[in-house]
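In: I'd like to go over a predicted model; first the sequence, then the structure.
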Amino acid sequence: MSTIQTIAGENEQHPDVALVERARAGDVSAYDTLVRKYDRQVFRIAQHITQNREDAEDVMQDAFLKAYEKLEQFQGNSKFYTWLVRIAVNESLMRLRKRRTGKMVSIDEDVETDEGSVPRDLADWSPDPEQNYNQSELAEILRKTIQGLPQGFRIVFVLRDVEGLSTEETAETLGLSIPAVKSRLLRARLQLRERLSRYFRRKKGDEK
Amino acid sequence: MTCSEFIALLDDLIDDSVSPEIRADLQNHLQGCEHCEVTLNTTRKTIEIYRSHEIYDLPSNLRERLHAAIMARCKKGC
Ligand SMILES: [Zn+2]
């Protein structure tokens, strides 16, 4: 139940700014609104990075609690959403490190691979490849395929193409240079394309 | 333009961040190269399919449970 009307249009201010202001002033319901607005995205990012449901649940809670604690530090010059995504990515990586103790988890390491850089599977896809699978089969194919990507490619693809961050925001969030984000994005897209082709390529029979 | 040069600019083409001159070069290459045309179309489709399908759904009961846990801690001042 909000009592304060958010004034839109004033300097084209993003509606999140007012919510953050109210939350900082102690209005928990304003923070509630922010959580509901972005919880699906945070959960999705956490799943993509940890690849584990329970970890993603923990990350989601920890990320929103940490963001609440650090709300004072939030600078209005970046978007609340990208600030939150950065916290979620860091929490996810921390969770991974805990789980795989001793094993380094890094998104910085560049993965040397030629896979996808020269497209090999050049068959076109059937006009509506999704039609050949039901929703849960399709979700399983998409999950399996993206899980097979190297971590550093996967995160870039998810932030940039699935969550809609810009190249600059993705670079800032991951602490990567813009050229590094660009080269990973291209390879991520090409590798996913190559792998999905196994499922979606036009079959001999339906060429018409 | 070679196929490798085309592929190197694939993202810029998809993200619509190429100059008109380069775009014309790319279009020119596409006209005579079925391989690159297929690669372009299926890469676009790849992005679109990941954007439009929720592969990690957050069921509403789980969502409510997590939400309640977060807000309970926030109210206590974390
Ligand atoms: Zn070509």
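Out: In hand now; what should we look at?

In: contacts and neighbour counts: CA atoms only from here.
Out: OK.

In: please save the CA atoms from the helix or strand containing residue B:27 in CSV.
Out: Following DSSP states H and E, one finds residue B:27 within helix B:20-32. C-alpha atoms of helix B:20-32 as CSV (Å, rounded to 0.1, in the frame of the first residue of the first chain):
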residue,chain,number,x,y,z
PRO,B,20,25.9,2.5,-43.6
GLU,B,21,29.0,1.8,-45.7
ILE,B,22,29.9,-1.4,-43.7
ARG,B,23,26.2,-2.4,-43.8
ALA,B,24,26.3,-2.1,-47.5
ASP,B,25,29.4,-4.3,-47.7
LEU,B,26,27.8,-6.9,-45.4
GLN,B,27,24.6,-6.9,-47.5
ASN,B,28,26.7,-7.3,-50.6
HIS,B,29,28.4,-10.4,-49.1
LEU,B,30,25.1,-11.9,-48.0
GLN,B,31,23.7,-11.8,-51.5
GLY,B,32,26.3,-14.1,-52.7
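
In: buried residues in that helix?
Out: The neighbour-count check on helix B:20-32 (16 or more other Cα atoms under 10 Å in any protein chain shown) flags B:23, B:26, B:29, B:30 as buried.

In: what sits closest to the second one if chain neighbours are left out?
Out: Which is residue B:26. Spatially, and ignoring its direct neighbours in sequence, residue B:26 is nearest to residue B:6 (6.6 Å; Cα to Cα, 6 or more residues apart in numbering or on different chains).

In: secondary structure element for the one you found?
Out: helix B:3-8.

In: so which elements touch that helix?
Out: Secondary-structure packing of helix B:3-8 (3 or more Cα pairs under 8 Å, 6 or more residues apart in numbering or on different chains; DSSP states H and E): helix B:34-52.

In: so what does the helix it packs on touch, helix or strand wise?
Out: Helix B:34-52 is packed against helix A:178-200, helix B:3-8, helix B:10-14, with contacts defined by 3+ Cα pairs under 8 Å, 6+ apart.

In: how about those helices in TSV, adding mean pLDDT, mean neighbour count and distance to the ion?
Out: Converted to TSV, the helices and strands packed on helix B:34-52 look like this (pLDDT from 0 to 100; neighbours: other Cα atoms under 10 Å in any protein chain shown; distance: least, Cα to the ion, whole Å):
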stretch	mean pLDDT	mean neighbour count	distance to the ion
helix A:178-200	95	21	14
helix B:3-8	93	16	4
helix B:10-14	95	18	11
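
In: who wins for proximity to residue A:95 among these?
Out: For residue A:95, the closest of these is helix A:178-200, at 23.0 Å, according to Cα to Cα.

In: what does that closest one rub up against?
Out: With contacts defined as Cα atoms under 8 Å, 6 or more residues apart in numbering or on different chains, helix A:178-200 is touched by A:115-117, A:119-121, A:123, A:125-126, A:129-130, A:141-142, A:145-146, A:149, A:152-154, A:156-157, A:160, A:167-168, A:170-171, B:10-11, B:42-43, B:46-47.

In: and the residues you listed, which are buried?
Out: Among the contacts of helix A:178-200, those classed as buried by 16+ other Cα under 10 Å are A:116-117, A:119, A:121, A:123, A:125-126, A:129, A:141-142, A:145-146, A:149, A:152-154, A:156-157, A:160, A:167, A:170-171, B:10-11, B:42-43, B:46-47.

In: pull the number of nearby residues for the nearest residue in space to residue A:49 that is not next to it in sequence.
Out: Nearest non-adjacent residue to residue A:49, counting by Cα to Cα, 6+ apart: residue A:92, 6.3 Å away. By the criterion of other Cα atoms under 10 Å in any protein chain shown, residue A:92 has 28 neighbours.

In: list the buried residues in the helix or strand hosting residue A:92.
Out: Secondary structure assignment for residue A:92, by DSSP H and E: helix A:80-99. Neighbour counts using 16+ other Cα under 10 Å place A:80-93, A:95-97 of helix A:80-99 among the buried residues.

In: quick one, phi/psi of residue B:72?
Out: In terms of degrees, to the nearest 10, the main-chain angles of residue B:72 are phi -60, psi -40.

In: quick check: pLDDT value at it.
Out: At residue B:72 the predicted local distance difference test score is 90.
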